[in-house]
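Undergrad: requesting a structural model of the entry that follows:
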Amino acid sequence: MKRLLLLAVAVCLGTLSPFSIAAEDNPSGKLNVLLICVDDLRPELNSFGVDYIHSPNIDRLAATGRAFHNHYVNAPTCGASRYTLLTGQYGPYGNNSLFLRADKLKSGDTSVTPSMPEWFRKNGYKTVSVGKVSHHPGGWGGEDWYDHNVLEMPGAWDRQLMPTGPWKHPRGAMHSHAYGEIKPIGSFSENKMEALQSAEVEDTDYHDGLIAVEGLEQLENLAEAHTPFFLAIGFIKPHLPFGAPARYMDPYEDVELPPVAHPEKPSGQTTWHGSGEFFNQYFHHGQDPREDKAYADKVRRHYAACVSYVDHHVGLILAKLKETGRDKDTIVALWGDHGWHLGEHAIFGKHCLFEEALRSPLIISVPGMNDPGTKSNAVVETVDIFPTLCALAGLEQPDFADGSSLLPQIKSPDAKGHTAYAYTGRAQTLRTDRYRFTLHKDGSTELYDHNSAQKEARNVAAQNAGKVKELTDLLKERAALK
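TA: The predicted model follows:
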């Protein structure tokens with residue numbers, strides 16, 4: 001009886017996982033963590049309601065876990081979004097966010113708190129990253145992002161790996177096509193590469209195939225050890241350019257695509273932008289998907305092929321986890337670092353504060369969880385992931401984290417969520433279960449009612465002064481944490 005009481009107290013205090021594991025299968029008594037990060041992945045998945053997408057492996061994960069259909073990132077750009085994932089805190093906006101944190105650490109700034117992998121490492125976990133987990137694949141800085149003396153996340157990883165293959169270095173692999181083709185630096189016309197590609201090659205002739213091979217090896221090695229592990233594997237597709245082996249394009253060649261929601265450029269002041277990354281850094285041969293539906297559909301099909309390419313490699317990782325037997329004692333979390341517009345609001349890209357840039361898939365699967373496969377509609381945000389993984393693993397909660405544990409939603413899919421906060425350098429936004437509210441630096445506002453058919457196509461701020469005041473005050477409270 002006394003032992004049961006101690007166990008109950010330990011769970012309440014967050015010092016023991018709320019999910020049981022067999023001691024004979026896991027000598028450490030701790031749940032492992034497998035974190036899968038996917039770049040530029042909007043909820044363009046069959047399990048999230050996009051029925052023309054072929055994503056069987058991620059769909060199976062959703063069927064055995066909790067898919068959060070209203071998960072929102074805190075920043076619509078890779079570096080700043082990954083900062084929030086890996087620190088559990090709102091931070092600076094920019095792809096150098098984690099390097100700024102590293103500079104503070106180097107200067108001796110004692111206000112810098114431990115990162116998520118560092119937190120697990122200090123709690124006895126072996127921490128390994130493969131691919132794009134922080135902003136730079138591999139987690140290094142310097143020339144071509146390959147200087148192993150310049151760490152994006154000091155103290156985080158026991159091992160950090162990025163296979164580069166024919167692309168020679170992580171920068172080359174980040175923006176690349178098959179056959180080792182690297183996007184030149186710059187946006188001038190002579191320094192562009194094709195936006196779209198579908199080559200008759202093997203999976204490893206694109207970089208994510210190599211990341212998967214390395215991830216499989218690391219997973220197998222970690223699974224054989226008696227030390228609990230925190231393994232993060234980051235895939236780069238479907239990030240631009242949209243290229244994948246031709247067989248992943250085959251299912252989409254003749255499929256009928258649904259119409260793009262609200263494709264018009266919004267009026268008034270918004271965070272709309274001209275899709276500079278998409279248009280200025282890649283060849284489109286005079287075609288503009290904002291005006292040419294056939295080309296827009298072609299872009300969408302190539303994006304879908306990239307999603308299926310990544311899905312295949314997620315399947316390989318999950319199959320290996322099961323093969324090792326460690327699926328019985330491993331938390332699996334799959335996270336998209338932000339969304340991506342495919343023509344909504346006349347945008348092809350991210351970097352704005354509309355729904356399509358901020359909503360991304362989050363799936364968390366835990367051995368022995370209640371109601372596996374039942375989705376959660378709770379509004380949650382990326383900063384919640386750090387405290388959630390700690391709660392599930394039974395580690396002490398990071399009291400410096402800005403987010404909240406999602407343990408209630410994992411235990412019960414009907415549990416309520418909270419507002420989600422996000423920002424760029426020029427505006428901030430809140431997402432409630434009904435509204436999106438955006439506040440610009442000059443004080444102008446946007447308010448969108450998601451209970452209406454027009455959703456984010458009609459700004460109703462002028463008609464709802466009381467709600468604007470309420471959400472302005474709430475947003476400022478949240479921004480004070482930043």
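
Undergrad: count the neighbours of the closest residue to residue 215 other than its chain neighbours for me.
TA: Spatial nearest neighbour of residue 215, chain neighbours left out: residue 233 (4.1 Å); criterion: CB to CB, 6 or more residues apart in numbering. Backbone N, C-alpha and C define where each C-beta goes, glycine included. Neighbours of residue 233 under the rule other CB atoms under 10 Å: 28.

Undergrad: dump the residue contacts of residue 233.
TA: 34-37, 129-131, 133, 211-212, 215, 218, 317 (CB atoms under 8 Å, 6 or more residues apart in numbering).

Undergrad: and of those, the nearest to residue 427?
TA: For those, the closest approach to residue 427 (CB to CB) belongs to residue 37, at 25.5 Å.

Undergrad: does that closest one sit in a helix, a strand or a coil?
TA: strand (DSSP: H, G, I helix; E, B strand; the rest coil).

Undergrad: what of residue 422?
TA: Assignment for residue 422 (three-state DSSP): strand.

Undergrad: first to last residue in stretch 283-292, what's the distance?
TA: Chord length of stretch 283-292, first to last residue, is 15 Å (CA to CA, to the nearest Å).

Undergrad: now residue 357: closest residue in space that isn't a chain neighbour?
TA: Once flanking residues are discounted, residue 357 sits nearest to residue 76: 4.0 Å by CB to CB, 6+ apart.

Undergrad: go on, residue 41?
TA: residue 336 (3.5 Å).

Undergrad: wait, doesn't the one you found sit right on residue 361?
TA: Yes: in this structure residue 336 lies within contact range of residue 361 using CB atoms under 8 Å: 4.8 Å.

Undergrad: okay, and the common contacts of the two?
TA: Common contacts of residue 336 and residue 361 (CB under 8 Å, 6+ apart): 38, 41, 42, 43.

Undergrad: contacts only, for the first one.
TA: So that's residue 38. Shown in contact with residue 38 (CB under 8 Å, 6+ apart): 234, 235, 237, 238, 310, 314, 334, 335, 336, 337, 361.

Undergrad: for the last one, same thing?
TA: Taking CB under 8 Å, 6+ apart, we find residue 43 in contact with 49, 50, 69, 336, 339, 359, 360, 361.

Undergrad: again, only using 6 Å
TA: residue 361 (CB atoms under 6 Å, 6 or more residues apart in numbering).

Undergrad: check for me that it belongs to a strand.
TA: No: counting by three-state DSSP, residue 43 is not part of a strand but coil.

Undergrad: pop out the phi and psi values for it.
TA: Dihedral angles of residue 43 (phi, psi; degrees, to the nearest 10) stand at phi -70, psi 50.

Undergrad: and for residue 245, the neighbour number?
TA: Residue 245, neighbours per other CB under 10 Å, totals 23.

Undergrad: hmm, it is touching residue 201, no?
TA: Yes: taking CB atoms under 6 Å as the definition, residue 245 is a contact partner of residue 201 at 5.4 Å.

Undergrad: just to revisit the earlier point, of the shared contacts of residue 336 and residue 361, closest to residue 125?
TA: The shortest approach to residue 125 among the shared contacts of residue 336 and residue 361 belongs to residue 38, at 22.4 Å (CB to CB).

Undergrad: tell me the bridge partners for the closest one.
TA: residue 235, residue 336 (DSSP bridges).

Undergrad: how much space between it and residue 185?
TA: Relative to residue 185, residue 38 is positioned 25 Å away (CB to CB, to the nearest Å).

Undergrad: residue 425 against residue 92, yeah?
TA: No: in this structure, residue 425 is not within contact of residue 92 by CB under 6 Å, at 8.9 Å.

Undergrad: of these two, who's got more company?
TA: residue 92 (16 against 12).

Undergrad: hmm, residue 366 is touching residue 19, no?
TA: Yes: at 5.4 Å, residue 366 counts as touching residue 19 under the criterion of CB under 6 Å.

Undergrad: between the two, which is the more surrounded one?
TA: residue 366 (25 against 19).

Undergrad: low-confidence bits of the stretch 51-200 of the chain, can you list those?
TA: Low-confidence segments of the stretch 51-200 of the chain, defined by pLDDT under 70: 187-189.

Undergrad: just the helices in it please.
TA: Along the stretch 51-200 of the chain, the stretches classed as helices by DSSP state H, counting those that start in this stretch are 56-64, 78-87, 97-106, 116-122, 170-174.

Undergrad: thinking residue 282 is in contact with residue 196, fair?
TA: No: between residue 282 and residue 196 there is no contact under CB under 6 Å: 8.3 Å.

Undergrad: who has more neighbours, these two?
TA: Neighbours were counted for residue 282 and for residue 196 using other CB under 10 Å; residue 196 has more, 22 against 18.
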